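*Asks:* Kindly generate the corresponding structure for this input.
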Amino acid sequence: MDQLALLFVLLLGAVVSVPVGDRFGLPAPVLMTLLGIVLAVADFVPNVNVPPDLILPLLLPPLLYAAVRRTSWRQFAANRRPIFLLAVALVFVTTLCVAVVANAIVPGLPVAAAVALGALVAPPDPVAATAVAGQLGLPRRLVSILEGEGLFNDVTAIVLYHVAVAAAVSGEFRPGRAALDLVLSAVVAVAVGVALGWGANRLLDLLGDPTLQVGLTLLVPYASYVLAEELHGSGVLAVLTGALFLAEYATDPDDVLTRLAGHTFWDIVDTLVTGVAFGLIGLELHNAIRTASGRWGEMLGWAAAVLGVVVLVRLAWLLPATWLTKRLHARRDHDEDIPMSWRETVVMWWSGMRGVASVALALAIPLKTDDGSAFPDRDEIVFVAFGVIMGTLVLQGLTLPWLVKRLGVQADTEREKAFEKELAVRAAKAAKRRLREIEEVEELPEELSEQMLRRAFEIGVRISPEMGEEERREAHDMRVRRLKRMRRIQGELLSAARHEVLAARSEVGADPEIVDRVLRHLDVRSLR
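*Replies:* Next up, the predicted model:
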């Protein structure tokens, strides 16, 4: 098996792991990691040979962009305090604790290299956490915190990592210069993200075609990352800023086709890239086995010690941080999402799985320093990082569903239904307002006006059937049954038309482009 065949196996696994995970109640990222481990121990599977400097630019931009699409700037603004405590403060504390322990137990490990190890294992993975949370039906407030933490802690950890690696490579560390670099990196990244987001927003309006617009959204995260890195800024923060800008300002309510195509496209990208990334984590077992040859006991002990620090520091930090956030929340009544009980705090603690960012940073450690010597203890750092990633992904990922079920932490479905009903009422009222505006400038027949008024009401009832009175719901149900019958018949008519058009594609003299154009028209009609 060559490298290309291995890539196709991972892509196939990424697709298959989703229904398999749903069937057995297991997170797809964890299954992909296990698949990577199985492939790693197989003799016919080659070692993965991806240049370290390409891992972050290839994997992180699409994953971050896809994650940002599921959230909003309002959520970040409302949750800035818990996100800061988890994504910034906790990353610093975890990095410091891991660096102290690693420097003490690994003989000859320099302080800068120990800090690099701490930074790369500090951030929980947003992809793993949100994938698991989405399958387990956790409360939305917990999912929001995990998403925000996962996105911003990557920014903090990667900046710390680059500072530590630069110190290890150059052999010197200047705190003042490092602090200035942190600030400049953030400023440059935000400027790049806003500029590219604004430019992409204008270009989306000019392109018009949904295919081109969706293609542009794939280029934006890569362009943001690369340009920010070239200007010595944080590529991750640039991607995050640009994605938030587009999510906030590039949404046209009436651009239905682009929105549907975009959701479908990014769901596919997210599934495939996530699967490949976690498959690569498992495949790194090859290198870990080679590194630990003859030193299994010693190196497993180091990995277990660092894993224990990572897990315990998160718990020790979450307990007082959650208490403090609750106190401030009660006093100021902020509209923020916080854990509401010790059970939710425990679930948040056990959701701190490491993943794509950690393995990418571990593999991206330079091979040599500025003086030409080998990077200090690079193999040991990679092995310990791999041990922490595998320990959190497999141990926590496989046991989190059991823990959530045991603690009874579930989403507040009544609250979700109430909000859905509220949105349904607002949508129906907006439709009725627009109908009155039309009636003021156009003279509508009474029959048509009444029919349109019913349609406006049905917009809300279709979203939330509970919003209508019993009598009106019964009338609505009758209309829905009649409409379903009409749609079924119309669907069969359109199906017959599509079959006929497709059959013409194989006829002599038929122009495939014209056939596809007519077929697209029928497909859009079916969608509507």
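
*Asks:* where does the stretch 51-200 of the chain have low pLDDT?
*Replies:* Counting by pLDDT under 70, the stretch 51-200 of the chain shows low-confidence ranges at 51-53, 72-79, 87, 126-137, 140, 173.

*Asks:* for it, what spans make up the helices?
*Replies:* 52-68, 73-78, 80-83, 90-105, 111-121, 126-136, 140-170, 175-207 (DSSP state H, counting those that start in this stretch).

*Asks:* repeat for the stretch 251-400 of the chain
*Replies:* Under DSSP H, counting those that start in this stretch, the stretch 251-400 of the chain gives helices at 256-283, 285-291, 296-332, 342-350, 356-363, 378-390, 397-407.

*Asks:* One more: the stretch 401-528 of the chain?
*Replies:* Using DSSP H, counting those that start in this stretch, helices in the stretch 401-528 of the chain cover 413-441, 446-463, 470-504, 512-527.

*Asks:* right, so of those, which gets closest to Pro61?
*Replies:* Pro61 lies closest to helix 512-527 among those, at 30.1 Å (C-beta to C-beta). (C-beta placed from N, C-alpha, C; glycine too.)

*Asks:* The closest one: which residues count as buried?
*Replies:* Val515, Val518, Leu519, Leu522 (16 or more other C-beta atoms under 10 Å).

*Asks:* Just flag the most distant two among those residues.
*Replies:* Val515 and Leu522 (10.7 Å).

*Asks:* list residues touching both of these two?
*Replies:* Val501 (C-beta atoms under 8 Å, 6 or more residues apart in numbering).

*Asks:* Can you tell me how far the residue nearest the centre of the chain is from Phe152?
*Replies:* In the chain, the C-alpha nearest the mean C-alpha coordinate belongs to Ala67, at 2.8 Å (C-alpha atoms, centre = their mean). Counting by C-beta to C-beta, to the nearest Å, the separation of Ala67 from Phe152 is 11 Å.

*Asks:* what do you get for Glu439?
*Replies:* From Glu439 over to Phe152 (counting by C-beta to C-beta), the distance is 49 Å.

*Asks:* again, but for Leu395
*Replies:* 25 Å.

*Asks:* Please identify which of those two sits among more neighbours.
*Replies:* Ranked by neighbour count (other C-beta atoms under 10 Å), Leu395 and Phe152 place Phe152 first, with 23 against 15.

*Asks:* my read: that one touches Val88, true?
*Replies:* Yes. Between Phe152 and Val88 there is a contact under C-beta atoms under 8 Å: 6.9 Å.

*Asks:* Mutual contacts of those two, please.
*Replies:* Going by C-beta under 8 Å, 6+ apart, no residue sits against Phe152 while also sitting against Val88.

*Asks:* Can you pull out the low-pLDDT segments for the stretch 201-350 of the chain?
*Replies:* 250-256, 292, 326-340.

*Asks:* oh sorry, the question was meant for the stretch 351-500 of the chain
*Replies:* Those would be 411-416, 461-477, if you go by pLDDT under 70 across the stretch 351-500 of the chain.

*Asks:* Comparing the helices of the stretch 401-528 of the chain, which comes out most buried?
*Replies:* Most buried of the helices of the stretch 401-528 of the chain by mean neighbour count (mean count of other C-beta atoms under 10 Å) is helix 446-463; its value is a mean of 15.

*Asks:* where does Gly408 fall, phi/psi-wise?
*Replies:* phi 70, psi 30 (degrees, to the nearest 10).

*Asks:* Then Ser351?
*Replies:* phi -90, psi 0.

*Asks:* Return the distance of the closest residue to Leu231 other than its chain neighbours relative to Glu492.
*Replies:* In space, and not counting its chain neighbours, Leu231 is closest to Val188: 5.1 Å by C-beta to C-beta, 6 or more residues apart in numbering. Between Val188 and Glu492 the distance is 58 Å, computed by C-beta to C-beta.

*Asks:* before we move on, what about Ile55?
*Replies:* The value you get for Ile55 to Glu492, if C-beta to C-beta is used, is 50 Å.

*Asks:* Can you give me the end-to-end span of stretch 436-456?
*Replies:* Using C-alpha to C-alpha, to the nearest Å, one end of stretch 436-456 lies 11 Å from the other.

*Asks:* ok, residues contacting that stretch?
*Replies:* Contact partners of stretch 436-456, identified using C-beta under 8 Å, 6+ apart, comprise Ala428, Ala431, Lys432, Leu435, Arg479.

*Asks:* Pipe those residues into a markdown table and attach distance to Ala238 per row.
*Replies:* Formatted as a markdown table, those follow (distance: C-beta to C-beta, whole Å):
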| residue | distance to Ala238 |
| --- | --- |
| Ala428 | 41 |
| Ala431 | 40 |
| Lys432 | 43 |
| Leu435 | 44 |
| Arg479 | 50 |
